[in-house]
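Chemist: Sequence first, predicted coordinates after that:
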Amino acid sequence: MSDENVDVITVGRISLDFYANESNVGFEKVKTFTMSIGGSPTNVAIAAARLGNKSAVVTNIGKDSFSDYIISKLKDFKVNTDFVGIDQTEFTPAVFAAMDDPFDPTIFFNRAKNAPDTKVEKSRLSDELVKKVKVFWVSACALSQGETGNSLKSWLAVRNNATHTILDLDYRPSFWESEAIAKKVTLEAISKSTVLVGNRREFEVVSGLTDPKKISEHYLGDQISTVIVKLGEQGVYLSAKGEEYLLPPLKVDVRCGLGAGDGFGGMLIHGLLNSWSLEKIGSYANVAGAIVASRLMCSDAMPTLSEVEAMVKEKI
């Protein structure tokens, strides 16, 4: 693949997503689900592509009845599938979500320990592409186990702190043997990243800090240029050298809060690629996340730039 065909690479999990159509009830009362694809780094690639960027996801899917469907959905979203492998031994993970609490739905992972997306070999990406791609987005969960974790460590070393090496802290306890191991591995990845994104809990795991200003002071420097702390119902905190912004949450009717952070991530990528100011990135990304939260499915909910611009004019 030539460098001209991809500006954004995300690495990490992919899944079949089944989201309950009924709101405010648990799994025991759910009657129907809507199916699509998901997984945070996959959603981020989709979000970036929806905004007109040339994105690709690096992952594996299973050789099962849904393989063609998953590839077809990625192509429909205009995400490059050249780096999506097929594992012959495991099924693609499935995620079920009940909208018992739309802000924080209950999730059930049907995922094998050796899921396909843990088996991505280093040869999947050339060193040249890893060095030159404009945005390299890493989900910390992908570092937790298997060959993918080893490959990512190598790719981050090859990238050598190149601009827009983004680490999404993306901490999910079920993916790690212990919090201590998660901290150790994630700290290694932080030392090779230039942009950090996470919520309070995720930053607490690696730094012991929960105050966004202290988190920013702890990490910002010559290597790390931007720190973003997602504060849930309190909004989002963004900081770079000499500037910081605390943006309040936008009021929307929340349908499903799960993909809001991924929509935020896609717009963050778009803003970085277009050299936007940090304040503009925050404002637009905040709106993108709110739009996703107002819709049911994560991947299908990712907004276009015109949709975001319309809400920016209305809300801000």
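Modeler: Happy to help now that I have it.
Chemist: Go ahead and name everything in contact with the worst-scoring helix or strand of the chain on mean pLDDT.
Modeler: The element with the least model confidence among the helices and strands of the chain, by mean pLDDT, DSSP states H and E, is helix 305-315, at a mean of 93. Applying C-beta atoms under 8 Å, 6 or more residues apart in numbering, the external contacts of helix 305-315 come out as 51-52, 250, 267, 270, 283-284, 287-288, 290-291. To be clear about C-beta, it is placed using only N, CA and C from the backbone, and glycine gets the same treatment.
Chemist: Kindly tell me how buried the closest residue to residue 256 other than its chain neighbours is, as a neighbour count.
Modeler: Setting aside the residues directly before and after it, residue 256 is nearest to residue 296 in space (C-beta to C-beta, 6 or more residues apart in numbering), at 5.3 Å. Each residue near residue 296 was counted by other C-beta atoms under 10 Å, and the total is 20.
Chemist: do the same with residue 31
Modeler: Applying other C-beta under 10 Å, I find that residue 31 has 8 neighbouring residues.
Chemist: just residue 236 next, same as before
Modeler: 23.
Chemist: One more: residue 103?
Modeler: For residue 103, the tally of surrounding residues (other C-beta under 10 Å) stands at 13.
Chemist: For residue 20, name its beta-bridge partners.
Modeler: Listed by DSSP bridges, the beta-bridge partners for residue 20 are residue 33.
Chemist: State the distance from it to residue 100.
Modeler: Residue 20 sits at a distance of 8 Å from residue 100 (criterion: C-beta to C-beta, to the nearest Å).
Chemist: Residue 39 too?
Modeler: As for residue 39, its distance to residue 100 is 22 Å (criterion: C-beta to C-beta).
Chemist: Those two: which is more packed in?
Modeler: In terms of neighbours (other C-beta under 10 Å), residue 39 is the more surrounded of residue 39 and residue 100; the figures are 28 against 18.
Chemist: Kindly state the pLDDT recorded for the more buried one?
Modeler: We have a pLDDT of 97 for residue 39.
Chemist: List the contacts of it.
Modeler: With C-beta under 8 Å, 6+ apart, residue 39 has these contacts: 12-15, 59, 93, 95, 117.
Chemist: Verify the stated contact: the residue nearest to residue 256 with residue 19.
Modeler: Yes. When contacts are counted by C-beta atoms under 8 Å, residue 296 is listed as touching residue 19 (5.5 Å).
Chemist: Mutual contacts of the two, please.
Modeler: Counting by C-beta under 8 Å, 6+ apart, the common neighbours of residue 296 and residue 19 are 34, 256.
Chemist: List phi and psi for the closest residue to residue 173 other than its chain neighbours.
Modeler: Spatial nearest neighbour of residue 173, excluding adjacent residues (C-beta to C-beta, 6+ apart): residue 179 at 7.0 Å. Residue 179 has phi and psi values of phi -70, psi -30 when expressed as degrees, to the nearest 10.
Chemist: Need the per-residue pLDDT for residue 179.
Modeler: We note a pLDDT of 97 for residue 179 in this prediction.
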